[in-house]
Structures are given as structure tokens and as C-alpha cells.
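> coordinates for the following, if possible.
(chains A and B)
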Amino acid sequence: MAATDERDDAAFPVGAACRIDSRSPWRQIAEIPVGLDPEGIAVDVERRRAFVACSRSDFVSVVDLDGHEVVAEIPTGAEPIDIGLDEQTGRVFTADAHSDQVTIIDSATLEVETALPVGGYPSGLTHVPDFRRLYVGNSLGSTMSVIDLDTLETVATVDAEPGAGAIGVDPTRRLAICVNFVAASANFYDADSFEQVGRLELGTGTCAIGIVPERGEAFIVNSIAGTVSRVDLDAIEVVEEIRTGQAPVGLTVAPAHDRVYVTNRGAGSVSVLGVADGVEWSQIPVGNGPGGVVVDQHDGRILVANAGSQTLSIVEDLLAARPPAPVDEPTSPWIGRKLPEFGLEDYWTGGQRTNRDWSEKKYILNFFASW
Amino acid sequence: MDIWEGTEPRPEVERFCDMWGIKGPILLDPDGELAGTLGVRGVPTNVVVDSDGTIRAFGAARLDELEHAINELYGRT
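Numbers count the residues shown, from 1 in each chain, chains lettered A, B, ... in the order given. Take a look at the predicted model:
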């Protein structure tokens, strides 16, 4: 096990019906090194394994969820970003963006079974066991591929919009919703006929979606706008914009459907948003640059892929309900202090640049990564 | 300030600059040393620096936050 950080509060018993006035309404269980730029996560509940798509390593890290260590690496196509597991067939699917394909892995043998061609730059996928369908969002192709989970045949390729990626499905309304990052929009399709039944303009950088069918609502992340849109699925309209932490990118709905978890790539945290009240209940610190997020149905723990740290975080949300006090985003202790001296390589010239190159100037240091 | 590529940063930065048409100064901090010193936990993170080297704002990932920080820096609020 690597880098376990237990921050249990003795006055804050772990488990259900916890107090909600603790200073730390969360607990870090483990942070496990995986491959480069981990993004999507799928959990094999029965075998106690997590499959982590490591997009810069071109493989899937297989993590033992009890031992908290990587037990296998399975090669995929180039740049696997998203991943899903169909429990009925035991197949794991990865969206290999730079190979324009979906790799299919046998979760029992951990061997690659086959690969299926899809549209250009597949970056998101969702499988729906009841429909026996896998939906794939193809960002450069501006399409959504629909694959039969059993026969592995492509049953439809549907026009979407630039940056098509994350897909959500409402089994009650039989709606498939494709979220388009570049177009900042979402397309709504009849899940059976694949006819488009609606379209929404959303915030900049739409990139993740979660559905709460019993409320008739979808929650869609707008990463650049820094919000989550609450969408009424009957009216197909945005009814609320919810602020989160910095640069939200991933979202999953908690098993009880009372909250959603949103990873904040800019803050290194997970926001806990109340489904009913649209309020940020807490922020759980994880690794650097978090993206993919899922909940382990076995124990309710939250698994987060940290692209900056190259790790998988496992954390527990200990809140029983909305806390009495709102979230205070921590302020950097560096505000008001001098920027420390630095000397770094200039990408364009190869020379060294230091603070002195910008002395007596006002400027912004923008920390970024290409992923 | 490019950080945390996890691999040789140059080709990744080149691809990124081509995609987004970036032409401004880019510094490489592959090990995230400065980021670590400053406690940067994610990307993007904007650090707004005054002419005397003092950090005036930190984070400001949202456009409205960044605009606000710039306005404050120039005394426009």
C-alpha cells in the first residue's frame, strides 16, 4: 500500500449517521500510484478491483481495492481516457482517443479480447446494462457510437457536436444525452430510435454528466465556466447553475442520490453537492489535478483519478446530511507574500528565465498541463 | 508554467500550443518544483503578481475571478 493518510477524527466515528459538525467530514483512505495521466475509473465490485485508464501510459492499471496496490497493467490502444465495466459479460471497455477505438478487456483474465473502431477521438463512454448498450462520445468525429454490449456490433452512429464526450442515460425517460465539450452543448436522443429530441446550450467546457432519474434531473459539469448545470429532463432546460471548486471536470452521483461528487481539477478536491438544495456541502482534498470519479458500490468509498499526481485516491465522505456551515474555500497563504525566486527553462528558447525577467512588471503565472 | 506532464514535456507543450494558438512565454517546470513550493494543487491555477513581486491573487481559474483579480491589480475596482 502506498501513501495511506488516515485523518480519522476520534470524535467523528466512521460509518453511517456520523456527526456533521466535524472539522474534517471526510477521511483519506489511500493514494495509490498508477500510470501516467489517469482519467477514467471502473470498479469490479465482486473481485475488489479498480480499473484505471492511464491515458499517457496507454494501459489500464488494475488496482487491488483491499491491498491498495497495482496488481496488473493491461495495454490498450493509444490514450485510453474513459472506461466502463459491464458486470453481465465481465467486459471492460476503454475509449482509446488516439486510436479511434474501444478496447475490450476480459475482467477475469485481464486479457484484451478485441478492439472495435468508433469515431474520431473517443473520449467518453457509458454503458447501460438494462439496455445492453454502450454509448461512446467521439470528440473529433462529433458523433456518438452505440454498441451492442453482447454482440459488440455498432448499431448506430449518431451525429452529435464538436467535443462529444461524456454521455448520460436516463433509463426512465429512455433518454441518451451526449455532452459536447467544444460546442458547450448537450444533445438529447431517444435511446431507442436515436432521434434527437432536444438540445441545450450550456456553460463553457461541458465535460461530465450524472442523472438522477427519480427527480427527472441531470447534472452537467461546465469546466471552464466553473459550474454544474441542473437540467430538467422533462422540459430539457437548465434550471440552476451551481458553483463548485476550481475547474470542475468529473462527476458521479452518490448511491443514495442525495448528493453528487464533482472533481475540481484546479483545486485538487472533490466537491460534495447536495442534489435537493444545490449547495456545496464540503470539499474533500484528493491528489493533484483530479478528473475521473466513481463510487465503489461495495463500501461507498469515492475513487478519484489524479492526473497531476499520477495516483488513485480513495476517500470517504462522512457527511450524513447537509452541514450547518457553508464550505469555506481555503485561501492561499502566499497571498500578500513575495513570489519565491525561480529559474526555469523557456520552452521557446531553451534559455533560463527568472523572476528578474519580469521585475517591476505586473504579470500572471498560469500553471497548466496539456492533459 | 507547464507542470506535471509526467513525461517529456516538449512534444506535449508543442501540441497544446498548436491546438490553442498560444504564443506567449512558456516555462517548463516538469517536476512541479515551483508549483509544489506554492502549494498548487491543480490546473489551471493563476498566480497574479504585482510589480514589486507580491502575490495578489491565487487560483482564479474562472474567467470572472481572473478579471476581478486583474481589475484589483490595476486598481480598477
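
> name the helix or strand for the residue of chain B at minimum distance from chain A, please.
Closest residue of chain B to chain A, Cβ to the nearest Cβ: B:Arg41 (2.8 Å). Yep, even glycine has a C-beta here, placed from its N, CA and C like the rest. B:Arg41 belongs to no helix or strand when assigned by DSSP states H and E.

> surely it touches A:Asn288?
Yes - between B:Arg41 and A:Asn288 there is a contact under Cβ atoms under 8 Å: 5.6 Å.

> circling back to that earlier point, got the contact list for the residue of chain B closest to chain A?
Contact partners of B:Arg41, counting by Cβ atoms under 8 Å, 6 or more residues apart in numbering or on different chains, are A:Gly266, A:Ala267, A:Gly268, A:Ser269, A:Pro285, A:Asn288, A:Gly289, A:Gly308.

> repeat the analysis, applying 7 Å as the threshold.
Neighbour list for B:Arg41: A:Ala267, A:Gly268, A:Asn288 [criterion: Cβ atoms under 7 Å, 6 or more residues apart in numbering or on different chains].

> report how many residues lie close to B:Pro30.
By other Cβ atoms under 10 Å in any protein chain shown, 16 other residues sit near B:Pro30.

> which residue, other than its chain neighbours, is closest to it?
Spatial nearest neighbour of B:Pro30, chain neighbours left out: B:Pro9 (5.2 Å); criterion: Cβ to Cβ, 6 or more residues apart in numbering or on different chains.

> for the residue positioned nearest the centre of chain B, list each beta-bridge partner.
The residue lying closest to the centre of chain B (Cα atoms, centre = their mean) is B:Asn46, at 4.5 Å. Per DSSP bridges, the residues bridged to B:Asn46 are A:Asn366, B:Gly59.

> list phi and psi for the residue nearest to B:Pro30.
The phi/psi pair for B:Pro9 (degrees, to the nearest 10) reads phi -80, psi -30.

> what's the answer for B:Glu65, then?
Dihedral pair for B:Glu65: phi -70, psi -40, per degrees, to the nearest 10.

> from A:Val260, how far off is it?
23 Å (Cβ to Cβ, to the nearest Å).

> OK, contacts around the residue nearest to the centre of chain B?
Contacts for B:Asn46 (Cβ under 7 Å, 6+ apart) come out as A:Ile364, A:Asn366, B:Gly59, B:Ala60, B:Ala61, B:Leu66.

> how is chain B partitioned into domains?
B:1-36, B:44-77 (automatic domain parsing).

> one step back: burial count for the residue nearest to B:Pro30?
Neighbour count of B:Pro9, defined by other Cβ under 10 Å: 21.

> swap in A:Val60?
A:Val60, neighbours per other Cβ under 10 Å, totals 30.

> A:Thr76 is in contact with that one, correct?
Yes - the pair A:Val60 / A:Thr76 is scored as a contact, 6.0 Å apart, by Cβ atoms under 7 Å.

> low-confidence stretches in the chain?
Since no chain was named, I'll use chain A. A:1-23 (pLDDT under 70).

> that's the wrong chain, I meant chain B
Scanning chain B for pLDDT under 70 picks out B:77.
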